[in-house]
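In: I'll drop the sequence and a predicted model, then ask my questions.
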Amino acid sequence: MPRKALGRGLDALLPEDTAAATVKLLPVESISKNPYQPRHKISDDEIAELVESIKSKGVLQPVLVRESDTGYELVAGERRWLAARKAGLDRIPALVIRVSDREALEIALIENLQRHDLNPVEEAIAYRRLMDEFGLTQQEVAEKVAKDRSTVANRLRLLNLHPNVIEMLASGDITEGHARTLLRVPYDKQSYYARLVVERGLSVRELERLLQSSQKKRKKLEGPFNDVELLVAEKAGLAARIKIGRKGRGKIELKFKNIEQLARIISNLTGEDLASVMEKLKVAAPTSK
């Protein structure tokens, strides 16, 4: 099945009358953000670099906008618009186009995909919006962004992860490879293993080995403590071991590598601020010279 024109890039998405449109200088403050913009975070460094370029050379490429009840709404070019505001420009070159809500999302999505600006979570959310809000199928979404349907499906599966894991993926604390591996883990245990990835700096392969090892250990162990150990481990942020003797006496073991890790355990268990716990530990157990 041939790709639709939408899959060939931004130009194919624009209305036919755009080519004949003239560039207008619009007041920067008359333009509002695109509510369908899939990208949620733009780094300060990225904007600062563009601000310097605009100060020296101006805005070289017009932004795309559409008319709104309050003035104009961005369709594409959010970074240029933000940088123009920071550079102190009163007006910015813009092309005014007529597009629907769905087309506004498609244009913003493809613009970011072409520049590799979206993280996996932002991309997945954009795909989900095209499906939920505009009734597109996975195949139709794939055709619009020129990707295989399996690629779109794999991105969408990331939204099934625990919210804590999704947040860690969006912030870059874990990679998409880690996230896909964690999809195999029961939902209520995903946060625990994601924290282990960050704490120990685990690669995807190391995480896979850890999961395989944990599964083998759970099969070998007998008794009622496995689920309880996982509950303690999730609160503490580290693997836990419970040992109980014949008379009911026992202990909980939480192994830590350094003071920072100990402080995090205590903070997770007590809810006390991490910095406060660190200060108390440094006073109680000063490092030896």
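Out: Here it is on my side, so go on. Worth saying up front: this structure is predicted, and the values here are computed from it rather than measured.
In: please, which helix or strand holds Leu89?
Out: Using DSSP states H and E, Leu89 sits within no helix or strand.
In: ok, it - contacts?
Out: 28, 54, 59 (Cβ atoms under 8 Å, 6 or more residues apart in numbering). Quick note: C-beta positions are derived from backbone N, CA and C, even for glycine.
In: how about the last one, phi and psi?
Out: Torsion angles at Val59 (phi, psi; degrees, to the nearest 10) stand at phi -90, psi 110.
In: most neighbours among the contacts of Leu89, which one?
Out: Val59 (22 neighbours; other Cβ atoms under 10 Å).
In: pLDDT score assigned to that residue?
Out: Val59 is assigned 87 on the pLDDT scale.
In: hang on, it packs against Ala94?
Out: No. Contact between Val59 and Ala94 fails when scored by Cβ atoms under 8 Å: they sit 9.2 Å apart.
In: measure how buried Asp173 is and give me the count.
Out: Applying other Cβ under 10 Å, we find 14 residues neighbouring Asp173.
In: contacts only, for it.
Out: By Cβ under 8 Å, 6+ apart, the contact set of Asp173 is 194, 197-198.
In: ok, it to Arg180 distance?
Out: 15 Å (Cβ to Cβ, to the nearest Å).
In: now swap in Val75 and tell me
Out: 32 Å.
In: tell me which of those two has more neighbours.
Out: Neighbour totals were compared for Val75 and Arg180, and Val75 leads with 27 against 16 (other Cβ under 10 Å).
In: picking that back up, JSON lines for the contacts of Asp173, including neighbour count, distance to Gly71 and secondary structure?
Out: What follows is the contacts of Asp173, written out as JSON lines (neighbours: other Cβ atoms under 10 Å; distance: Cβ to Cβ, whole Å; DSSP: H, G, I helix; E, B strand; the rest coil):
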{"residue": "Ala194", "neighbour count": "27", "distance to Gly71": "43", "secondary structure": "helix"}
{"residue": "Val197", "neighbour count": "23", "distance to Gly71": "45", "secondary structure": "helix"}
{"residue": "Val198", "neighbour count": "13", "distance to Gly71": "43", "secondary structure": "helix"}
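In: ok, so of those residues, who is nearest Asn112?
Out: Distance to Asn112 across the contacts of Asp173 (Cβ to Cβ) is lowest for Ala194, with 25.2 Å.
In: setting aside sequence neighbours, what's the nearest residue to the closest one?
Out: Of all residues not flanking Ala194 in the chain, Val165 sits nearest, at 4.6 Å (Cβ to Cβ, 6 or more residues apart in numbering).
In: which SS state does that neighbour fall under?
Out: helix (DSSP: H, G, I helix; E, B strand; the rest coil).
In: give me the pLDDT for Val204.
Out: If you check Val204, the pLDDT there is 94.
In: same question, Glu208
Out: Value for Glu208, per-residue pLDDT: 91.
In: how much space separates it from Val63?
Out: The spacing between Glu208 and Val63, counted by Cβ to Cβ, is 44 Å.
In: so those two - more neighbours on which side?
Out: Neighbour comparison, Glu208 and Val63: the larger count goes to Val63, with 23 against 15 (by other Cβ under 10 Å).
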